[in-house]
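Chemist: all I have is the shape, not the residue letters:
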């Protein structure tokens, strides 16, 4: 095939890939992701596992080592069929934590440790560089095959040398275009995935077509083919290599199984690009089926290649040279395109995955550490930074592969370079499995175990593969590769477990450990789409948190800011960040982040689930508040009831005592009245006796009347229904009137009254009659009870600090016992011989009630020599008192 | 001469009424107005009947009655007591006192009660 035709065909194919990727991205932007999200597209994208190494190298491998090539297909098949639940869990955890790469997953699990992620990125880059070089090499070799087969003979040698560079540059461009178009929240790349799926179909069709040609075109059907294979197995030249070696088989199956989940590109397509874990249902059988189809014709091609092609032909290129030698140029071109597809899809996905890791774990943390700007200011700058960092990283990754390819000269066999990468990334497996399945795994264990595995891989596998150092001499029976794999992985695992057991995880690790290990299955799943479809549930969610109006206002303002009418803004990162901050203020940062992630990220949780969560949280909060206030209310009610009960009990006791007192006070004068009235009814009484007895009856009747008056007065005062007639009066006048009224009590006693006339001239605003009643009572008490031979009453008045009046009335008697001073204002607390008392013992109780109604007070002043009372009057009666003004 | 009745009552008018009523029936009557010296007065006078007011200043009729009943002199301790009370029902007093008369009382009830107790 002419070189120019080949290049033109290649370019046309590449253009098709660009067009497909572009169309898929456009479709995804418009929200038409239904077919893009089909599980078969996902399954086909997993075929990025089959790089040029397997496409070309499998036949070479089979030539050298017989059936051993099958281990590379068996490992993933065993994982997909035997441990699909593990894959589901991996995808679930990764989606939950918005993991962007395998390094991100490990770092998220072990306390968000970036150094650990940076270390994993390092091994990934080291392992991937020769692997990418391998893909470039395969493309260059395939070009050379076609060029040598062209009738015109040698094409310009410079063109072949430049092929690697052109391919690398083209792949870098494609990856940058479709791998870093934007920073999607979910890190998915529909264009790339769709193009890869298409390439997977091309790979498979090419390989199957070649296989059919080999079995039915070159050989004479399956029976003949099997016969030829059996004969080849007895070929002494192949005999040793074609032996089945259990140690190598086990090691290789283990490593290729690990590769399915640990290789950066596999993690990218299987976990990061997965919309949800449900598609693993299909991939679980469809991907092994794909691998089976890809491996079915490896042995026939190998055997026919050995039979038909010259002995010095490169077995790694049998798939190309076999059809070409048979003159099947179209088939050869199809195979060429298949190999080209395998190489390019691997490079593109690997570059995307590595670029994500490099930018997220090397460049951005380093940049932030250098800038040392407070967090939060970076939001805008960071987006540009991350995108540019990824573009640079893609160029660097592909460029490093090209440099390696140029430098190594492509000496090593294809398969061995692939194995180096597989075994390197397999060192992540113990840490990853431990992190997912074992809560006790901790960061120190991860560092120690992974570090051990990394070091052993460097020393035993990687460095020898590029010609630096060598394995120590081993017994002949021990296979160096199997030995290196088992040694590095087992020491890795042992150190990881040992250090984890003896170390303690920090709180973040414990939390993450719990979340990783006990990742529960989502109850339901929904397929959410981009754009407004998700803005609506976000609004509904915000409503639950803030209430309808504030949420609507926030969304409207955001939409307006984006130049949109209505209330559903586009889900730009800026908007989501602001929404999350606002929500965080209401429901806490973690919950806000989780909720927005789940709604905006399309994680397998339905909106109604989230609303339920928000509702439940709100209800729980309200319930807690309600319970708390109800408890407080109950406690308060109980206290009030207890107090009321105590009060009622006390009141009941008081009422009984009061009734007893009243009964006694009423019956006593009544007894005299009755007895003497009966006596008066007897005939033989002297006039003088009649007059005396009639006077007693009269006096006792008066006593009864006064008692009843006092009781009524007290009752009115206590009930608060006392009407006050508030007037302005002069205190001097009132004291004068009180003294003259009180002089009726024991008028026979000579009483000296000491007054300070000038101080008495105080204007007071009060009910003058009520105040007079108090003054008379106090002064009368003094006249009645003062036991001095020469009784003296001192009256002092002054303006009080509050602007009212203060009147002290002090006599020179023996006063009142300290023990009884507190009792004198109680009802019926008559202290001395009742013979000298005109009342029933209600006087001071009434005084106290009157002063309370007037807004003042009456108190006993101890330590004044005799009985001493202080009457305090406010500036004016309180506003609450029932009063009439005159 | 033997004293018929010792009366301890703080209300002078009531005391006067009782003295007049019972005096006209020929009973020898002595008055005491304060609870404080009540029991002493009983010991000295050794009356055939004690009339006690329940509500007395300083020392209540119930206390004087208890003093009397616990007196070492058995004859004195057994002196009949008529309790006058202005309170309502006071049943616990009935056990200690020989008779209880509520105030106000009918003069004839008082006279009949005293006559019964001194018979």
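Modeler: Arrived safely, thanks for sending. In this text the structure is predicted, and so the values were computed from the model without any measurement. Residues are numbered from 1 along each chain as shown, chains lettered A, B, ... in the order given.

Chemist: kindly state the beta-bridge partners for the residue nearest to the spatial centre of chain B.
Modeler: Of all residues in chain B, the one closest to the mean position by C-alpha atoms, centre = their mean is residue B:51, 1.1 Å from it. Note on residue B:51: beta-bridge partners residue B:7, residue B:82, judged by DSSP bridges.

Chemist: and it, what is it in contact with?
Modeler: B:5, B:6, B:7, B:8, B:9, B:18, B:81, B:82, B:83, B:84, B:114 (C-beta atoms under 8 Å, 6 or more residues apart in numbering or on different chains). For the C-beta atoms, the positions are set from N, CA and C on the backbone; glycine is no exception.

Chemist: I'd say residue A:342 and residue A:51 touch.
Modeler: Yes - between residue A:342 and residue A:51 there is a contact at 5.3 Å, judged by C-beta atoms under 8 Å.

Chemist: any common contacting residues for the two?
Modeler: residue A:135.

Chemist: and residue A:467, that's in a strand?
Modeler: No - Residue A:467: not assigned to a strand; according to DSSP: H, G, I helix; E, B strand; the rest coil it is coil.

Chemist: give the next helix or strand downstream of the helix or strand that contains residue A:133.
Modeler: Assessed by DSSP states H and E, residue A:133 sits inside helix A:114-149. Going down the chain from helix A:114-149, the next helix or strand is helix A:157-179, by DSSP H and E.

Chemist: figure out how far that next one is from the centre of its chain.
Modeler: 45 Å (C-alpha atoms, centre = their mean, to the nearest Å).

Chemist: circling back to that earlier point, just the angle between the helix holding residue A:133 and helix A:157-179, please?
Modeler: 140 degrees (axes from the mean of the first three to the mean of the last three C-alpha atoms, to 10 degrees).

Chemist: count the neighbours of residue A:625 for me.
Modeler: Residues lying near residue A:625 (other C-beta atoms under 10 Å in any protein chain shown) number 10.

Chemist: contacting residues around it?
Modeler: Applying C-beta under 8 Å, 6+ apart, no residues contact residue A:625.

Chemist: any idea how far it is from residue A:633?
Modeler: Separation of residue A:625 from residue A:633 (C-beta to C-beta, to the nearest Å) stands at 12 Å.

Chemist: do the same with residue A:130
Modeler: From residue A:130 across to residue A:633, the span is 75 Å (C-beta to C-beta).

Chemist: check residue B:97 too.
Modeler: Going from residue B:97 to residue A:633 by C-beta to C-beta gives 55 Å.

Chemist: looking only at neighbour counts, state which of these two leads.
Modeler: A count of neighbours by other C-beta under 10 Å puts residue B:97 above the other of residue B:97 and residue A:633, at 23 against 10.

Chemist: list phi and psi for that one.
Modeler: phi -80, psi 160 (degrees, to the nearest 10).

Chemist: shouldn't it be in contact with residue B:64?
Modeler: No - assessed by C-beta under 8 Å, residue B:97 is found out of contact with residue B:64, at 10.8 Å.

Chemist: now for the two: what residues contact both?
Modeler: residue B:52.

Chemist: re earlier: for the helix holding residue A:133, which residues meet the burial criterion?
Modeler: Neighbour counts over helix A:114-149 (16 or more other C-beta atoms under 10 Å in any protein chain shown) mark A:114, A:116-147, A:149 as buried.

Chemist: what mean pLDDT does that helix have?
Modeler: Averaged over helix A:114-149, pLDDT sits at 82.

Chemist: do the same with stretch A:162-173
Modeler: 80.

Chemist: repeat for stretch A:48-66
Modeler: Rounded mean pLDDT across stretch A:48-66 is 84.

Chemist: okay, the closest residue in space to residue A:755 that isn't next to it in sequence: pLDDT?
Modeler: Using C-beta to C-beta, 6 or more residues apart in numbering or on different chains and skipping residues adjacent in sequence, the residue nearest residue A:755 is residue A:795, 5.1 Å away. Model confidence at residue A:795, given as pLDDT, is 91.

Chemist: got it, and residue A:426?
Modeler: So, for residue A:426, pLDDT stands at 90.
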